[in-house]
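Student: Mind folding the following:
(chains A, B, C and D)
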There are 2 protein chains.
Amino acid sequence: MTPNKILNLSVDCVVFGYDTNTKSLNVLLIKRYLESDTTKEVLVDDYVLTGYHVFEDETLDNAATRVLKELTGLTNQYKKQFKAFGNPDRLSDEKDLIWIQNQEFNLRTITIAYYFLLKTEDVDVQNNKYKAKWFPVRELPELGFDHQQIIEEAHDDLKTKCLAEPIIFELLPDKFTINDVQDLYESILGIEIDNRNFRRKLINKKYIIPLDEKQVGVSKKPAQLYMFSKDIYKKMYHKNYLINI
Amino acid sequence: MTPNKILNLSVDCVVFGYDTNTKSLNVLLIKRYLESDTTKEVLVDDYVLTGYHVFEDETLDNAATRVLKELTGLTNQYKKQFKAFGNPDRLSDEKDLIWIQNQEFNLRTITIAYYFLLKTEDVDVQNNKYKAKWFPVRELPELGFDHQQIIEEAHDDLKTKCLAEPIIFELLPDKFTINDVQDLYESILGIEIDNRNFRRKLINKKYIIPLDEKQVGVSKKPAQLYMFSKDIYKKMYHKNYLINI
DNA sequence: TTAATAAACGTCATATTTACGTTTGTTTGT
DNA sequence: ACAAACAAACGTAAATATGACGTTTATTAA
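Tutor: Reported below is the predicted structural model:
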């Protein structure tokens, strides 16, 4: 009756960070390490998402939140569980045999994948204990396991979701310019948008509120700053029910 | 080192079926059974989704497909993995202790939830070995475990998705009337739509193709039949990139 | 023949989108 | 002080889409 395959449950976190200055949508990755019996050493030269085993009495959401906090120190960031990855062969290049009480077990790892949205600048990568690094979403390094696929699916989900919900503002600072928003949409979607039409469309939204402030420290005409009001947004007609097929 | 909590991996399937005649969006449910030591008997009077343990060398997608086939005999139906449910307390009313080799284990079940879209009429519920039954999505019976929540989240996902992609046609017969499509949208979204505007909008789509056929056997003016062309749809501007926030 | 009914078509005002052109305010170089 | 450079910000006109309705048509049942 003893199973020869043991399940392992983990969460993996795709941390999206947007950098308003470089206009780059980034993913936070760490170098892949493997623990050998006696020492910690780098065995492979690629990057992976951060993830961790889900504790016995922990919810999936809490595990993801814990992983993000451990990696970045941040809490209360936008989080979405978007897909579970659990193919039997998905960690085939990881050592997948373990021994428990003189019996050999095969390990199957199911990962529940989340993505987080935050600002690149909010993470101190200089002093990061995992040596986490930001990579532009279109210039990813060699990735371990199936993490390339996980990032792609997270990105696809984000593309769809940012068209239907104002999650874009999770990636921007509290005060932003109209062009910041446009640049971000262009980064996420990989398209070009007409600035004049986009500006008009955004400015007409009741929940995009102009501030009595302008950009500082720019060497051109400083742009008007705006903020997003979640309260006003929620009070409006949402869900919108616009059939767009 | 032996864990005292053992993971169990399953898939649960929310089978949505639409009935063009009664204009009802339904969910396929089965009576909940529990196996006691010696006999199979009904211990609780509620319904559950169909689901099953994921086999050792089976992908999650294949497990879901297998469960649907076992339940309905159908293959090749529209399928979407929409959420994993794995809170440690989620099956608290199930007996969750198992014994392996004289050790007591606590069982934690992670379920990967899928929904399927099909036509109610395609399932023979009369001779169904699980005595599966259709329930209108707004008149669900008492549900076991967290299956009420799973169905609600499936329904929410379906609502969002049917606005952005033409998955609605997975729920309709190959030949349908404009009013069939409208009724289906109204069933899913729980809203009323102006028939004249909806009709105009749909007829103008290049991928909604009028056939040389009309309804038969109706006691009013028979309606024009249409089909959906997936090919034409794919060739058009999709993804659509309409920012609708 | 007519009443009843759902299908199908039409109209008009308003809103939104698309595709551009123009003006404005600020910094930097002369 | 002035002009060049440049991004921000505003403007316009045509085409398309939407929302809110009224009207006509084809069919069955009485």
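Student: Tell me the spacing between the closest residue to A:Leu172 other than its chain neighbours and DNA strand D.
Tutor: Of all residues beyond its chain neighbours, the one nearest A:Leu172 is A:Asp180 (5.8 Å), with distances taken as Cβ to Cβ, 6 or more residues apart in numbering or on different chains. All C-beta atoms are positioned from the backbone trio N, CA, C, and that covers glycine. In this view, A:Asp180 and DNA strand D are 8 Å apart by Cβ to the nearest atom of the strand, to the nearest Å.
Student: May I see the buried residues of stretch A:208-226?
Tutor: A:Ile208, A:Gln215, A:Leu225, A:Tyr226 (16 or more other Cβ atoms under 10 Å in any protein chain shown).
Student: So which of the residues you listed sits lowest on pLDDT?
Tutor: The pLDDT minimum for those sits at A:Gln215, where the score is 93.
Student: Give me the nearest residue to that one, chain neighbours excluded.
Tutor: Per Cβ to Cβ, 6+ apart, closest to A:Gln215 is A:Pro222, 3.9 Å.
Student: Also A:Val137?
Tutor: A:Leu25 (4.8 Å).
Student: where's the residue nearest to A:Leu172, which helix or strand?
Tutor: helix A:178-189 (DSSP states H and E).
Student: Could you check how far that helix is from the centre of its chain?
Tutor: Mean-position distance between helix A:178-189 and its chain equals 17 Å (Cα atoms, centre = their mean, to the nearest Å).
Student: ok, now stretch A:177-184?
Tutor: Centroid separation for stretch A:177-184 versus its chain: 19 Å, with Cα atoms, centre = their mean.
Student: contacting residues around it?
Tutor: In this structure, residues lying in contact with stretch A:177-184 by Cβ atoms under 8 Å, 6 or more residues apart in numbering or on different chains are A:18, A:20, A:23, A:25, A:168, A:171-172, A:193, A:195, A:198-199, A:202-203, A:215, A:223-226.
Student: what residues are up against the closest residue to A:Lys239 other than its chain neighbours?
Tutor: In space, and not counting its chain neighbours, A:Lys239 is closest to B:Lys159: 7.6 Å by Cβ to Cβ, 6+ apart. Contacts were defined as Cβ under 8 Å, 6+ apart; by that measure B:Lys159 touches A:Lys239, B:Ile188, B:Leu189.
Student: What subset of these is buried?
Tutor: Neighbour counting with 16+ other Cβ under 10 Å marks B:Ile188, B:Leu189 as buried within the contacts of B:Lys159.
Student: circling back: just the ones of the contacts of stretch A:177-184 in helices?
Tutor: Among the contacts of stretch A:177-184, DSSP state H puts A:Asn195, A:Phe198, A:Arg199, A:Leu202, A:Ile203 in helices.
Student: Select only the buried ones of these in PyMOL?
Tutor: Remark: buried members of these, expressed as a PyMOL selection using 16+ other Cβ under 10 Å:
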select buried, chain A and resi 198+199+202
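Student: quick one: the residue in chain A positioned nearest to DNA strand C and A:Ile178, what's the gap?
Tutor: Residue nearest to DNA strand C within chain A: A:Arg196 (3.0 Å; Cβ to the nearest atom of the strand). Applying Cβ to Cβ, to the nearest Å, the value for A:Arg196 to A:Ile178 is 10 Å.
Student: Which one's more surrounded, those two?
Tutor: Just comparing A:Arg196 and A:Ile178: by other Cβ atoms under 10 Å in any protein chain shown the higher neighbour count belongs to A:Ile178, 20 against 8.
Student: Just give me the longest strand of chain A.
Tutor: The residue-count maximum for a strand in chain A (DSSP state E) belongs to strand A:103-119.
Student: Show me which parts of it are buried, residue by residue.
Tutor: Neighbour-count burial for strand A:103-119 flags A:105, A:108-119 (criterion: 16+ other Cβ under 10 Å).
Student: give the contact list for the closest residue to A:Thr72 other than its chain neighbours.
Tutor: Nearest-residue entry for A:Thr72: A:Val123, 4.7 Å, with adjacent residues in sequence omitted and distances by Cβ to Cβ, 6+ apart. A:Val123 is in contact with A:Val15, A:Gly17, A:Leu28, A:Thr72, A:Gly73, A:Leu74, A:Ala132, A:Trp134, counting by Cβ under 8 Å, 6+ apart.
Student: Mark which of these are buried, thanks.
Tutor: A:Val15, A:Gly17, A:Leu28, A:Thr72, A:Ala132, A:Trp134.
Student: The second one touches A:Trp134, doesn't it?
Tutor: Yes - applying Cβ atoms under 8 Å, one finds A:Gly17 in contact with A:Trp134, separated by 6.1 Å.
Student: list the residues that contact both of the two?
Tutor: With Cβ under 8 Å, 6+ apart as the test, A:Gly17 and A:Trp134 both reach A:Asn26, A:Val27, A:Leu28, A:Thr120, A:Val123.
Student: now, which of those residues lie close to DNA strand C?
Tutor: Checking the shared contacts of A:Gly17 and A:Trp134 against DNA strand C by Cβ under 7 Å from any atom of the strand, not one of them is in range.
Student: Now for these: which two are most distant?
Tutor: Using Cβ to Cβ, the two most remote members of these are A:Val27 and A:Val123, lying 11.7 Å apart.
Student: what is in contact with these two at once?
Tutor: A:Val15, A:Gly17, A:Trp134.
Student: Kindly present the residues you listed as a markdown table, with separate columns for pLDDT.
Tutor: Output for the shared contacts of A:Val27 and A:Val123, formatted as a markdown table (pLDDT from 0 to 100):
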| residue | pLDDT |
| --- | --- |
| A:Val15 | 98 |
| A:Gly17 | 98 |
| A:Trp134 | 97 |
